[in-house]
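Peer 1: 3D, please:
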Amino acid sequence: MSSTLENVRVIIYGDEYSIKSDVNTETAKKVADYVNLKILEVQKNVSSRDKVKVAVLSAMNITEELLGYKEKCREYLNKCEEIQKKAVEIGLRIDKNTEKL
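Peer 2: Purely as a prediction, here's the structure:
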């Protein structure tokens, strides 16, 4: 299976980047826009104009957000598994009760 790499030019925090990605151009630009948004949010809240520091803090914020979503996904998957187990149990009870009829 081969994937096609697309070359996408994006601007993040005033710098232009040429990114080779296996996602479509629109998705790559959305990712870059999101990163840029997070950088601008951090920049508003810190006094430092050091691009590296702002970028690192932004990466930490994005990672914290990602880990939060991953935890929520795990919780939802666990709930889905519980619901599935209960559905199987109910199905078995129904089968058992219909056999008695």
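
Peer 1: just checking, what packs against the longest helix belonging to the chain?
Peer 2: Taking DSSP state H as the criterion, the chain has its longest helix at helix 51-100. On a contact count with 3 or more C-beta pairs under 8 Å, 6 or more residues apart in numbering; DSSP states H and E, helix 51-100 meets helix 25-45. The way it works is simple: take the backbone N, C-alpha and C, and place the C-beta from them, glycine included.

Peer 1: before we move on, the earlier item: what about the longest helix of the chain, average pLDDT?
Peer 2: Averaged over helix 51-100, pLDDT sits at 95.

Peer 1: how near is the residue nearest the centre of the chain to Val31?
Peer 2: For the chain, Leu66 is the residue whose C-alpha lies nearest the centre (C-alpha atoms, centre = their mean; 5.4 Å). Applying C-beta to C-beta, to the nearest Å, the value for Leu66 to Val31 is 12 Å.

Peer 1: how much space between Tyr69 and Glu75?
Peer 2: Taking C-beta to C-beta, one finds Tyr69 at 11 Å from Glu75.

Peer 1: Next, count neighbours for Lys51.
Peer 2: 13 (other C-beta atoms under 10 Å).

Peer 1: For it, which non-adjacent residue is closest in space?
Peer 2: Leaving aside its sequence neighbours, Lys51 sits nearest to Tyr13 (C-beta to C-beta, 6 or more residues apart in numbering; 6.3 Å).

Peer 1: pretty sure that neighbour contacts Ile39?
Peer 2: Yes - the criterion here is C-beta atoms under 8 Å, and Tyr13 meets it with Ile39 at 4.9 Å.

Peer 1: Common neighbours of those two, please.
Peer 2: Common contacts of Tyr13 and Ile39 (C-beta atoms under 8 Å, 6 or more residues apart in numbering): Val54, Ala55.

Peer 1: More neighbours: these two, which one.
Peer 2: Ile39 (21 against 16).

Peer 1: That one: what's it in contact with?
Peer 2: Ile12, Tyr13, Val54, Ala55, Ser58.
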